[in-house]
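Asker: Below is the sequence, then the predicted model.
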Amino acid sequence: MSAALELFQLAAGPSEFIPNLAPGCQYVACLAWLLHFDIFHLVPISGAISYGDLAAAASKRASIDVAIPEARLRSIIRMVMTSALFRESEQNQVGHSATSALLAQDADVHSWASYLSTRSAPTALAMTAAHDRFTAASIAKNETAYNVAFSTEKPFFDHLALDAANMAEFAGYMRNVTTSEAMDVKHLVNGYQWADLGRGPVVDVGGSTGNAAITLARVFPELTFIVQDLPANAEATLPADVLSRIVFQGHDFTQPQPVAGGAVYLLRMILHDWPDNAAVVILRNLVPVLAKGTARLLIMDTVMPTPGQVPCSVERVVRVRDMTMMQVFNSHERDLDQWNALLLAADEGLRLRQVIAPFGSAMSLLEVEMVGATQEESSEEDIWEISG
Ligand SMILES: C[S@@+](CC[C@H](N)C(=O)[O-])C[C@H]1O[C@@H](n2cnc3c(N)ncnc32)[C@H](O)[C@@H]1O
């Protein structure tokens, strides 16, 4: 993919750069239109439909007063046909391509496309206006490109929560992101020496409903876990086979860590949601428990590559996430220097021991230790016992 991209750029040359950028804008605009009028579901999965019948069906579905003109529908579909969506087996007969059929058949991919075309794209285009209005240095969660694009003073998640349909669309988008190969929890399982930890415990800070702990518990039968999340999210719905080795605990990670004696404190997909000043607070809350014994901090998050370090086809997808963090949260993904600077800002004793980049994973494992931690055994009272 990377070679094909580079070859196209070389063949197009400098003068064709802008003309070749234009189709990308149109693909996104057309995608929004096709999703809005439910075209993906109206084209039959096998066989084909005429533009006339498709326009009539879409007009009926949308219950609109003025019918969609066949000619406009045809222009829009023929535009996206130059990018693998739909095909015409016979003239004026539209059928699915493999890609458009995926959008028709997979509700989460459909949500993702809708989220991209109706939220991400307007947000990206509002970036300049946001930096003008709030200054490019703002780190406030409600002074973002998203706030400008959607004319709201609420931070992203608060704004999303106002509308159930938007929440459902975002949930579908997140399911897609988190079930992809690059985000698979197997990279956490295979990427670290869990077997050396004995019983642990592993403290999964911001561990949501325990997906990572459940997966690890099944592979490492000795390990025990404490899954912490906001009190409202910390619920004990556990499968029977791991019930005795996982406990949930309500804990706000902006407050001091209540569990001493953990073997590993895990922060998976936590710190990238927070700008540096807030991320420093989350880390500082762990410093006292890391300062004693041999506890390790394990951060699983993106480490941004330097330019050219990974194939361009991979790097540009990673950089989309960095831009999204900036445009939606005034946050950012961090490169290795920024991770080191963040650790140093939190505490001078925090030191990166190793960075593990599991093959195929979008996230790396950053193992952090506390230099000069007292190495004597933790006292009995410090050790969190998992009972039941
Ligand atoms: C992106 S999810 C990551 C979940 C999990 N670590 C994983 O790898 O799937 C972020 C989690 O942080 C939790 N969270 C957000 N703010 C929190 C806070 N102040 N204290 C504790 N948990 C919080 C959310 O409820 C959510 O479960």
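Answerer: Looks like it arrived, so ask away.

Asker: which residue packs closest to the residue nearest to the spatial centre of the chain, ignoring adjacent ones?
Answerer: With distances taken as CA atoms, centre = their mean, the residue of the chain nearest its centroid is residue 177 (5.5 Å). For residue 177, ignoring the flanking residues on the chain, the nearest one in space by CB to CB, 6 or more residues apart in numbering is residue 183 at 6.1 Å. The way it works is simple: take the backbone N, C-alpha and C, and place the C-beta from them, glycine included.

Asker: Tell me how far the one you found lies from residue 156.
Answerer: 20 Å (CB to CB, to the nearest Å).

Asker: Which one's more surrounded, those two?
Answerer: Legend: neighbour count by other CB atoms under 10 Å for residue 183 and residue 156, higher for residue 156 (20 against 14).

Asker: Tell me if I'm right that the more buried one and residue 143 touch.
Answerer: No: counting by CB atoms under 8 Å, residue 156 stays clear of residue 143, with 11.6 Å between them.

Asker: Skipping its backbone neighbours, what lies nearest residue 308 in space?
Answerer: Setting aside the residues directly before and after it, residue 308 is nearest to residue 315 in space (CB to CB, 6+ apart), at 7.6 Å.

Asker: got a list of what that neighbour touches?
Answerer: With contacts defined as CB atoms under 8 Å, 6 or more residues apart in numbering, residue 315 is in contact with 305, 307, 308, 309.

Asker: Do you know the pLDDT at it?
Answerer: As predicted, residue 315 sits at a pLDDT of 88.

Asker: same thing with residue 44?
Answerer: pLDDT for residue 44: 98.

Asker: before we move on, back to that, compare the contacts of residue 315 and tell me which is most surrounded.
Answerer: Counting by other CB under 10 Å, top hit in those: residue 305 with 16 neighbours.

Asker: Identify the residues contacting it.
Answerer: 314, 315, 318, 335.

Asker: before we move on, the earlier item: quick one: the residue nearest to the centre of the chain from the ligand, how far?
Answerer: Look at residue 177 and the ligand: by CB to the nearest ligand atom, to the nearest Å, they are 10 Å apart.

Asker: If I look at that residue, what pLDDT would I see?
Answerer: Residue 177 is given a pLDDT of 75.

Asker: who are the neighbours in contact with residue 268?
Answerer: Taking CB under 8 Å, 6+ apart as the test, what residue 268 contacts is 188, 204, 206, 207, 212, 299, 300, 301, 363.

Asker: Number of residues surrounding the last one?
Answerer: Burial of residue 363, expressed as a neighbour count using other CB under 10 Å, amounts to 20.

Asker: Am I right that it is in contact with residue 299?
Answerer: No: Residue 363 lies out of contact with residue 299 (CB under 8 Å); the separation is 9.2 Å.

Asker: Other residues contacting the strand or helix carrying residue 148?
Answerer: Per DSSP states H and E: residue 148 is located in helix 145-149. Residues from elsewhere that reach helix 145-149 (CB under 8 Å, 6+ apart): 119, 122-127, 129-130, 133, 152-154, 156, 159, 326-328.

Asker: For residue 74, which non-adjacent residue is closest in space?
Answerer: Nearest to residue 74 is residue 51, by CB to CB, 6+ apart, at 4.7 Å.

Asker: Do a quick rundown of the strands in the stretch 1-150 of the chain.
Answerer: For the stretch 1-150 of the chain, applying DSSP state E, counting those that start in this stretch gives strands covering 49-50, 87-90, 93-95.

Asker: roughly how far apart are the residue nearest to residue 308 and residue 5?
Answerer: Distance from residue 315 to residue 5, by CB to CB: 10 Å.

Asker: go on, residue 296?
Answerer: Applying CB to CB to residue 296 and residue 5 gives a distance of 39 Å.

Asker: Which one's more surrounded, those two?
Answerer: residue 296 (20 against 13).

Asker: just checking, that one touches residue 264?
Answerer: Yes: the pair residue 296 / residue 264 is scored as a contact, 5.2 Å apart, by CB under 8 Å.

Asker: so where's the chain uncertain?
Answerer: Residues of the chain meeting the criterion pLDDT under 70: 232-236, 374-388.

Asker: if we go to 80?
Answerer: Filtered on pLDDT under 80, the chain yields the residue ranges 171-180, 231-237, 292-293, 372-388.

Asker: Scan it for its longest helix.
Answerer: helix 17-36 (DSSP state H).

Asker: centre of the chain versus that helix, how much separation?
Answerer: Helix 17-36 sits 23 Å away from the centroid of its parent chain (CA atoms, centre = their mean, to the nearest Å).

Asker: name the helices or strands packed onto it?
Answerer: helix 70-81, helix 107-115, helix 121-125 (3 or more CB pairs under 8 Å, 6 or more residues apart in numbering; DSSP states H and E).

Asker: surely residue 185 meets residue 208?
Answerer: No: using CB under 8 Å, residue 185 makes no contact with residue 208, being 11.3 Å away.

Asker: Please identify the most buried of the strands of the stretch 1-150 of the chain.
Answerer: Of all these, strand 93-95 has the most neighbours on average by mean count of other CB atoms under 10 Å, namely a mean of 19.

Asker: Sheet-wise, list the partners of that one with their directions.
Answerer: strand 49-50 (antiparallel), strand 87-90 (antiparallel) (DSSP bridges).

Asker: what residues does the last one touch?
Answerer: Contacting residues not belonging to strand 87-90 are listed as 48, 78, 81, 94, 95, 96, 97 [CB under 8 Å, 6+ apart].

Asker: What about the residues you listed, which one has the most neighbours?
Answerer: Using other CB under 10 Å as the neighbour criterion, residue 94 leads the contacts of strand 87-90 with 25 neighbours.

Asker: Which residues of this protein lie near the ligand?
Answerer: For the chain, the contact set with the ligand under CB under 6 Å from any ligand atom comprises 206-208, 211-212, 229-230, 233, 252-254, 268-270.

Asker: Adding secondary structure, write the residues you listed out as TSV.
Answerer: As requested, the residues of the chain next to the ligand are exported to TSV (DSSP: H, G, I helix; E, B strand; the rest coil):
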residue	secondary structure
206	coil
207	coil
208	coil
211	helix
212	helix
229	strand
230	coil
233	coil
252	coil
253	coil
254	coil
268	strand
269	coil
270	coil
